[in-house]
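A.B. asks: Have a look at this fold, sequence not included:
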Ligand SMILES: [Zn+2]
């Protein structure tokens, strides 16, 4: 449902000089919202991005005398990431994203459901119900835990074809861009991205809900699968599937790891902003860089940096958009920390070694000859809090220390 007609009518009367002061009548709606209300919301998540990851990205890409785009946002805080899991203290991406999306803590693996398995409304659904357009952009499968938690409700994050079906038939986000074509097509129907490619021979169509690409087209989505197709697309409903699974290969260094998405995150995000901002009612957009987490799981600092740089370039695209659209709330946050990453001086006497928790590098501080080493504690997630930065209407409520569920509450309060 759209309310733009009313807004436009009031805007027109204001333009004619018939302000609420002149008429003595309280205007029911105004073109300029209160300062704590956001017309548009953009959440950018660095999956697995802790404070040390942000510092690693900063040192390696802009150096000691500059700031990342994501560090330029004026509001800063940090976020506790505890799930409500009966067995595990440390969160996974599903419970963490569900906390951001719904404001409830839940068990690991839960997508858009509470600890008892009941569906909980998400920020994306709230925005949609306010008449706004909605979008999901990720370098992971579009049905992976983070985007899924904003736009579906399933008991188990692995149920990715059901998540895709819910996108199409229930939640109906307008723009869905990322990887994961294999979950949209049944076995034996390879689609645009061939089964068993050399980059990862295990990849093949494994959908369990029929041909969901055809279903999407029936429902009015324009389906694209490469950079040129995305650039040419002009539909208000877009489904872009740019890889079989993730849009990169996450491996240990030297074992076939690749970070070179067929469509860069910044380009997907720019297209999403172009498309969603046509809606006079505003939009809600989730953007995720998954490579930070996946490369950190492999203790691969080189490609953790590459994925982090891609996220920061995307934040730059978003900040350019915000200059022209200041009624936009922007939040940059990590869902949990991955790897127990530490930045250390180069030292021959420090422990080093093979396998898990080995040292990585040396790396060079950009613009200098200084070097540092990256050391890892684990190949899994840790319970460290994650940094958050934000700007725009409603962002003041995100300052300081809070639970990850507080991120939901602040965004919900800002949405109008
Ligand atoms: Zn992870």
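C.D. replies: Yep, it's here. Given the structure is predicted, the values throughout are model-derived calculations rather than measurements.

A.B. asks: can you tell me how far residue 216 sits from residue 235?
C.D. replies: 11 Å (Cβ to Cβ, to the nearest Å). (C-beta placed from N, C-alpha, C; glycine too.)

A.B. asks: who has more neighbours, these two?
C.D. replies: residue 216 (22 against 14; other Cβ atoms under 10 Å).

A.B. asks: just to revisit the earlier point, what touches both of residue 216 and residue 235?
C.D. replies: Residues touching both residue 216 and residue 235 (Cβ atoms under 8 Å, 6 or more residues apart in numbering): there are none.

A.B. asks: helices and strands around the lengthiest helix in the chain, which ones?
C.D. replies: Ranked by number of residues, the top helix in the chain under DSSP state H is helix 301-324. Applying 3 or more Cβ pairs under 8 Å, 6 or more residues apart in numbering; DSSP states H and E, one finds that helix 301-324 contacts strand 40-46, helix 51-61, helix 265-276, strand 283-289, helix 291-297, strand 328-334, strand 359-364.

A.B. asks: quick one: that helix to chain centroid distance?
C.D. replies: 12 Å (Cα atoms, centre = their mean, to the nearest Å).

A.B. asks: That one vs strand 283-289, what angle?
C.D. replies: 160 degrees (axes from the mean of the first three to the mean of the last three Cα atoms, to 10 degrees).

A.B. asks: quick one: helix 301-324 to strand 359-364, angle?
C.D. replies: Using the same axes, to 10 degrees: helix 301-324 against strand 359-364 is 50 degrees.

A.B. asks: average model confidence for helix 301-324?
C.D. replies: Mean pLDDT, computed over helix 301-324, is 98.

A.B. asks: give the contact list for the residue nearest the centre of the chain.
C.D. replies: Centroid check for the chain by Cα atoms, centre = their mean gives residue 288 as the closest residue, at 2.3 Å. Going by Cβ under 8 Å, 6+ apart, residue 288 touches 44, 45, 46, 47, 137, 138, 139, 140, 146, 147.

A.B. asks: okay, now the third one: neighbour count?
C.D. replies: Counted with other Cβ under 10 Å, the burial measure for residue 46 works out to 32 neighbours.

A.B. asks: The fourth one too?
C.D. replies: Using other Cβ under 10 Å, residue 47 has 27 other residues around it.

A.B. asks: could you dump the contacts of residue 288 to JSON lines with distance to residue 256?
C.D. replies: Output for the contacts of residue 288, formatted as JSON lines (distance: Cβ to Cβ, whole Å):
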{"residue": "44", "distance to residue 256": "28"}
{"residue": "45", "distance to residue 256": "26"}
{"residue": "46", "distance to residue 256": "23"}
{"residue": "47", "distance to residue 256": "21"}
{"residue": "137", "distance to residue 256": "26"}
{"residue": "138", "distance to residue 256": "22"}
{"residue": "139", "distance to residue 256": "17"}
{"residue": "140", "distance to residue 256": "18"}
{"residue": "146", "distance to residue 256": "24"}
{"residue": "147", "distance to residue 256": "26"}
